[in-house]
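*Asks:* Got a sequence here, can you model it:
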Amino acid sequence: MNILSLFDGMSCGQIALERAEIKYKNYFASEIDKYAIQITQKNYPNTIQLGDINNWVNWKLPKIDLLIGGSPCQGFSVAGQGLNFDDPRSALFFRYVDVLRWYKPKWFLLENVIMKKEWRNIISEYLNIEPIEINSALVSAQSRRRLYWTNISNITQPQDKRISLRDIIESGEVDIEKSYCIDANYFKGGSLKRHYDKYSRQLVFNKSYQSSKRLMVLDTKTFRKLTPLECERLQTVPDGYTEGVSNTQRYKMLGNGWTIDVIAHVFSFIP
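*Replies:* Predicted coordinates:
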């Protein structure tokens, strides 16, 4: 089997294939972030890096059996600026379509964020299939709703593993069962306001605390952001997988990455 992964990042696709026990001959990856490529090659040195997807017409690849990718979502997210297809990052979706139509793989998978219905419908029209929504909370300690467009048939929802945030933190205390969704900007750190008013940038508390009407009487020494190891666990990435680059880059690639056990679940339906 030959795999082509677009927007490959740190190669979450290969971790998922391995976890789903799917063997493959070649794994071709299109990625431009040097830190993500560094982590990919550390863990999977046989990965064939192709570079920028905008140069796809110059690729000379064999028959592709599985095409995967999660095109940049900044213009699609309901939390974004509403730029949708006018955002050049989100317009990269059309390069995915170009590659899909050219190589005609037996199976394909496209992942993206929860978005406005009109944008979702456009993607569905181009791919001629409706997406499946899966929340990573079923297989991890993170609430992370995502859409998956795929022609892999008969996919069901993953079984709830009932993993709590308390199960994966290295130390401290937490006030919720599932972490807020980790994004690529998590490296900037959190605040009580973000945590309680915007439901983002998950915090871990270093000691017992009291709350009243969601108002926390704390100083900054009583809470911290998640560690890179904890973020790996939220994404069900193997412990230490992203070691070798700065913590900032680890947070970025983990926030941009896939929840491995969701993707492995999808792959498990490949006949």
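*Asks:* which residues of the stretch 51-200 of the chain fall in strands?
*Replies:* For the stretch 51-200 of the chain, the strands defined by DSSP state E, counting those that start in this stretch occupy 66-69, 107-113, 132-135, 145-150.
*Asks:* ok, now which ones touch the closest residue to Arg233 other than its chain neighbours?
*Replies:* Leaving out its chain neighbours, the residue that sits closest to Arg233 by Cβ to Cβ, 6 or more residues apart in numbering is Ile168, at 4.0 Å. Using the backbone N, CA and C atoms, a C-beta is placed for each residue, glycine as well. Ile168 makes contact with 141, 230, 233-234, according to Cβ atoms under 8 Å, 6 or more residues apart in numbering.
*Asks:* neighbour-wise, which of the residues you listed leads?
*Replies:* For the contacts of Ile168, neighbours were counted by other Cβ atoms under 10 Å; the highest total belongs to Leu234, with 29 neighbours.
*Asks:* what's the distance between the nearest residue to that one once chain neighbours are set aside and Phe187?
*Replies:* The shortest distance from Leu234 to any residue other than its chain neighbours is 4.1 Å, reached at Gln142 (Cβ to Cβ, 6+ apart). Using Cβ to Cβ, to the nearest Å, Gln142 is found at 16 Å from Phe187.
*Asks:* out of these two, which sits in the busier spot?
*Replies:* Each of Gln142 and Phe187 had its neighbours counted (other Cβ under 10 Å), and the higher figure belongs to Gln142 (24 against 18).
*Asks:* give me the low-pLDDT residue ranges for the stretch 51-200 of the chain?
*Replies:* 73-90 (pLDDT under 70).
*Asks:* go again using 90 as the cut-off
*Replies:* In the predicted model, the stretch 51-200 of the chain carries pLDDT under 90 at residues 71-92, 115-116, 118-119, 122, 175, 190-193, 195-198.
*Asks:* in it, which spans are helices?
*Replies:* Using DSSP state H, counting those that start in this stretch, the helices of the stretch 51-200 of the chain run over 93-103, 117-127, 165-168, 192-197.
*Asks:* would CSV of those with distance to Arg146 be doable?
*Replies:* Putting the helices of the stretch 51-200 of the chain into CSV (distance: least, Cβ to Cβ, whole Å) gives the following:
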stretch, distance to Arg146
helix 93-103, 15
helix 117-127, 12
helix 165-168, 19
helix 192-197, 21
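*Asks:* Ok, which of these comes nearest Val204?
*Replies:* Smallest distance to Val204 across those (Cβ to Cβ): 8.5 Å, for helix 165-168.
*Asks:* Only the buried residues of the closest one, if you could.
*Replies:* By neighbour count on 16 or more other Cβ atoms under 10 Å, the buried set for helix 165-168 is 165, 168.
*Asks:* What of stretch 152-161?
*Replies:* 152, 158.
*Asks:* go on, stretch 189-196?
*Replies:* Taking 16+ other Cβ under 10 Å as the neighbour-count basis, stretch 189-196 is seen to contain the buried residues 190-192, 194-195.
*Asks:* Same check on stretch 229-239?
*Replies:* 229-237.
*Asks:* Out of those residues, which sit inside helices?
*Replies:* 229-234 (DSSP state H).
*Asks:* now Ala20: how far from Glu31?
*Replies:* Counting by Cβ to Cβ, the separation of Ala20 from Glu31 is 21 Å.
*Asks:* Out of the two, name the residue with the larger neighbour count.
*Replies:* A side-by-side neighbour count of Ala20 and Glu31, using other Cβ under 10 Å, places Glu31 first with 21 against 17.
*Asks:* Please work out the average pLDDT along stretch 15-34.
*Replies:* In this model, stretch 15-34 carries a mean pLDDT of 98.
*Asks:* what distance separates the start and the end of it?
*Replies:* Counting by Cα to Cα, to the nearest Å, the length from the leading to the trailing residue of stretch 15-34 is 19 Å.
*Asks:* in that stretch, what's buried?
*Replies:* Applying a neighbour-count criterion of 16+ other Cβ under 10 Å, one finds 15-20, 27-31, 33 buried in stretch 15-34.
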